[in-house]
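1. need the 3D shape of this:
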Amino acid sequence: MNKGSIQEMNTIGIDVSKAKIDCAWLREEGKLKFKVLPNTKAGCNELIEWSLKSTSLEITQLHFIMEATGVYHEQLAIQLHNAGAMVSVVNPAQVKFYSQGLGVRTKNDKKDSAILARYGLKESPKAWQPEPVEIRTLKALIARFDGIEKDLQREKNRQEKAVISKAPQEVLNSITQMIELLETEQKRLDKLIEDHINKHEELKKNKELLKSIPGVGKVIATRILMVIGSRDFKSASQCSAYLGLVPVEHESGSSIRGRPRLSKAGNPIIRAKLYMAAVVAIQHNPDINAQYERLTARGKSKMSALGAAMRKLVQICFGVLKHQQTYQPQVT
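-> All right, here's what the predicted structure looks like:
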C-alpha cells in the first residue's frame, strides 16, 4: 500500500448536528463508507468502534475532521481527543470554498461528511487541542455574563419605551422587577468570574499583567485571557485576525477603490468592548496615542485610525502575556 492510500485509510470526515453525526471514512482510491450515529457519548464510543473495525488501524492513527459548529462539536471532539485520535476542527468558510472549488452544487449531511474527509486528506489541517478546563469555565461564565448584560439592556430599552408610551403601572413594575433581578444576577456572575480567576495563579498573574496596559481594565483583561487562553496563536497578528481586527481591502482594477474596513470576523461582543477600550487608550496609552496621531496626520480617517488602535491594543496585550512582563511604553 502506497503512502497516499495509507493516508486515505485513516481520514474520517464528520458532519455534526445537534442530534446526530454523519461520518464518512475515506478509503483507498477515494472510495467512501458512511455511518450515521447519535451525537451522544454512546454515539462517539460507537464511532470509535466502527472506525477501528473498518480501518483495522489503531486509534492513534486515525484523523477525524469536523467543522466548528457552535457547541455541538465540542464534546465529540474532546471525547475523540481523549481517546487518542487526531482531531481537526476546521473553519466552515474554508470548507465551503473548498466544496465550491470541487463544483459541488447540492448540500446534505452525507455529502458534507464526504467533503470534510476529502478536505482533511488534501489540506492536512492541524491537530485541535481542547481548551484547558479553567479557560473553558471562564469562557462559559463570560458567555453567561454577556447574555445577562444583553437581556438587561433590552429591559432598559423596554422601560424607556413604556415610560414614553405611558404604559400601565403594572407593566412598569414588572419591567423594574426584571431589571433588578438581572442586575443582581450580573453582579453575582461578575464575582464568580473574579473568584474563578483568583483561584488560578496563572490567570490571576496574567490578568494583572494585562491591567498594567493603559486602556485595559477588568472587562478587556478577562476577555483577552479567555481569547488567548483558548487558542494557540503563533503571533499577535493571528490573534488580531481571529478577533476580526485586520483591514480588508476593497478594490478591483483601476475603477473600484473602496475604503479598507475591518474584517469583523470573530466575536462581535469582544470587538465592541475593544472599541471602547481603544477610545480610552488613545487618550492614555502613549504608544496608541502616538500611532493614532501619526495615522490621522497622514490623512487616515478617525474610524480607520481607531480600528488600528484596537488592533494595536490587542497586539500589546499579546506581547505582555508572551513575554510575561508588565507594559513598557515604546515611545517617550
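2. give me the neighbour count for residue 331.
-> 10 (other Cβ atoms under 10 Å). For every residue, glycine as well, the C-beta is placed using N, CA and C.
3. got it, and residue 173?
-> What residue 173 shows, counting by other Cβ under 10 Å, is a neighbour count of 10.
4. again, but for residue 324
-> For residue 324, the count of nearby residues is 9 (other Cβ under 10 Å).
5. again with the one 4 residues further on
-> Each residue near residue 328 was counted by other Cβ under 10 Å, and the total is 11.
6. list the contacts of it.
-> With contact set as Cβ atoms under 8 Å, 6 or more residues apart in numbering, residue 328 has no partners.
7. pLDDT at it, what is it?
-> Here the pLDDT value assigned to residue 328 is 93.
8. using the three-state scheme, assign it.
-> Classification of residue 328 using DSSP: H, G, I helix; E, B strand; the rest coil returns coil.
9. next: residue 234.
-> Secondary structure for residue 234, judged by three-state DSSP, is coil.
10. look up how far residue 68 lies from the residue nearest the centre of the chain.
-> In the chain, the C-alpha nearest the mean C-alpha coordinate belongs to residue 266, at 5.7 Å (Cα atoms, centre = their mean). Taken as Cβ to Cβ, to the nearest Å, the spacing of residue 266 relative to residue 68 amounts to 12 Å.
11. how does this protein divide into domains?
-> Structural domains assigned to the chain are 3-123, 133-199, 222-323, following automatic domain parsing.
12. just how off-centre is the first one within its chain?
-> This means domain 3-123. Here the centre of domain 3-123 is set off from its chain's centre by 21 Å, with Cα atoms, centre = their mean, to the nearest Å.
13. what's downstream of the lowest-mean-pLDDT helix or strand in the chain, the next helix or strand?
-> Least confident helix or strand, the chain: helix 3-9 with a mean of 53, by mean pLDDT, DSSP states H and E. Beyond helix 3-9 in the direction of the C-terminus, DSSP states H and E gives the next helix or strand as strand 11-16.
14. can you list the strands that that following strand pairs with?
-> Next to strand 11-16 in the sheet, as set by DSSP bridges, lie strand 20-26 (antiparallel), strand 63-67 (parallel).
15. residue 103: which of the ones you listed is closest?
-> The stretch from those with the least distance to residue 103 (Cβ to Cβ) is strand 20-26; that distance is 18.2 Å.
16. neighbouring contacts of that closest one?
-> Residues from elsewhere that reach strand 20-26, judged by Cβ under 8 Å, 6+ apart: 8-9, 11-15, 32-39, 43-44, 47, 50-51, 54-55, 76, 109-110, 112-114, 116-118, 120-121.
17. tell me the mean pLDDT for it?
-> Model confidence over strand 20-26, given as mean pLDDT, is 94.
18. let me know the angle separating whichever helix or strand comes after that strand from strand 20-26.
-> Helices and strands here follow DSSP H and E; after strand 20-26, the next one along the chain is strand 32-38. Strand 32-38 runs at 160 degrees relative to strand 20-26, counting by axes from the mean of the first three to the mean of the last three Cα atoms, to 10 degrees.
19. got a list of contacts for strand 32-38?
-> When contacts are defined by Cβ under 8 Å, 6+ apart, strand 32-38 is touched by residues 19-27, 43-44, 46-47, 50, 54, 109-110, 113-114, 117.
20. repeat that with 10 Å
-> Strand 32-38 is contacted from outside by 12-15, 19-27, 43-47, 50-51, 54-55, 76, 109-110, 113-114, 117-118, using Cβ atoms under 10 Å, 6 or more residues apart in numbering.
21. any of these buried? List them.
-> Among those, those scoring as buried are 12-15, 21-27, 43-44, 47, 50-51, 55, 76, 109, 113-114, 117-118 (criterion: 16 or more other Cβ atoms under 10 Å).
22. re the thing from before, out of the strands paired with strand 11-16, which gets nearest to residue 276?
-> Going by Cβ to Cβ, the one of the strands paired with strand 11-16 nearest residue 276 is strand 63-67, 32.2 Å.
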